[in-house]
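Novice: Compute the structure for the input listed below.
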Amino acid sequence: MSDFAENITGELNAMWRFALRLTASEADAEDLVQRTCVKALENETAYEHRGRLRSWLFRIEHRVWLNVLRSRQIRSNSSFANNQFSGIHEGSAGEELQGFQSRSAEHLDSPESNLNYYQLVKLVESLPDAQRLVVLLVCVEEFSYQETADILEIPIGTVMSRLSRGRLTLGKAVQNSRKVSNVAELDGGMR
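Specialist: Presented below is the predicted three-dimensional model:
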């Protein structure tokens, strides 16, 4: 195995997490990671001056996913399309959370932190796609704003704006859930 292929192998877990977030389906995520690896190996010479390997792979993965979505859209609009080829695989809620779980669930040491973790995962998953992807790339995968802009092929100002809106939305949701929790505790104590 070449050094380049070994380096790609070292990024498979991160690529899988990102693919699962993009697709919300294990089957689609597996296909996406495979297609990304093939594309990366075919274009090894293009990587030489591209910076960090992970951000280059994520950019390829995002492009491949957009192409898959376009292809599905064309097939679903065609008169020959049938149900097995149209749309995105529907995943269960548990399946959608699996990528986050594999990332850092092992460090959760109390039921409270476990509950908070899964509530936060649900909140992030409820963000609009554009904000969710930016929050995941910057906050979970720890890419810089510039790397995130390169991966998603958008201006850095758009990254900062989406991240800001995503963080505000998450902050408000956490604040609201705490208020509901406090009211429930008070209400429970009166009975």
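Novice: The most centrally placed residue in the chain and Thr45, how far apart?
Specialist: Geometric centre of the chain, nearest residue: Arg21, 3.1 Å, by CA atoms, centre = their mean. Look at Arg21 and Thr45: by CB to CB, to the nearest Å, they are 29 Å apart. C-beta: built from backbone N, CA, C; applies to glycine.
Novice: confidence score at the residue nearest to the centre of the chain?
Specialist: Here, the pLDDT recorded for Arg21 equals 90.
Novice: now Ser126
Specialist: 88.
Novice: just use 35 as the starting number from now, easier for me
Specialist: Yes, from this point I'll number from 35; that puts the last item at Ser160.
Novice: Test my guess that the residue nearest to the centre of the chain contacts Leu167.
Specialist: Yes: the pair Arg55 / Leu167 is scored as a contact, 7.3 Å apart, by CB atoms under 8 Å.
Novice: Val158 versus the residue nearest to the centre of the chain, what's the distance?
Specialist: Arg55 sits 9 Å away from Val158 when distances are taken as CB to CB.
Novice: Next: Thr43.
Specialist: Taken as CB to CB, the span from Thr43 to Val158 is 28 Å.
Novice: now do Glu175
Specialist: For Glu175 relative to Val158 (CB to CB), the value is 13 Å.
Novice: lowest confidence element among the helices and strands of the chain?
Specialist: Here the helix or strand of the chain ranked lowest by mean pLDDT, DSSP states H and E is helix 127-138, holding a mean of 42.
Novice: following that helix, which helix or strand comes up?
Specialist: helix 145-159 (DSSP states H and E).
Novice: Which neighbouring elements make contact with that following helix?
Specialist: Identification of packing neighbours for helix 145-159 by 3 or more CB pairs under 8 Å, 6 or more residues apart in numbering; DSSP states H and E yields helix 127-138, helix 163-169, helix 190-224.
Novice: Next, the buried residues of that helix.
Specialist: By neighbour count on 16 or more other CB atoms under 10 Å, the buried set for helix 145-159 is Tyr151, Val155, Leu157, Val158.
Novice: Report the next helix or strand after whichever helix or strand the residue nearest to the centre of the chain is part of in sequence order.
Specialist: For Arg55, the host element (DSSP H and E) is helix 46-57. Using DSSP H and E, the helix or strand that follows helix 46-57 in sequence is helix 60-76.
Novice: what about that following helix, distance to the chain center?
Specialist: Remark: helix 60-76 is offset 15 Å from the chain centroid, using CA atoms, centre = their mean, to the nearest Å.
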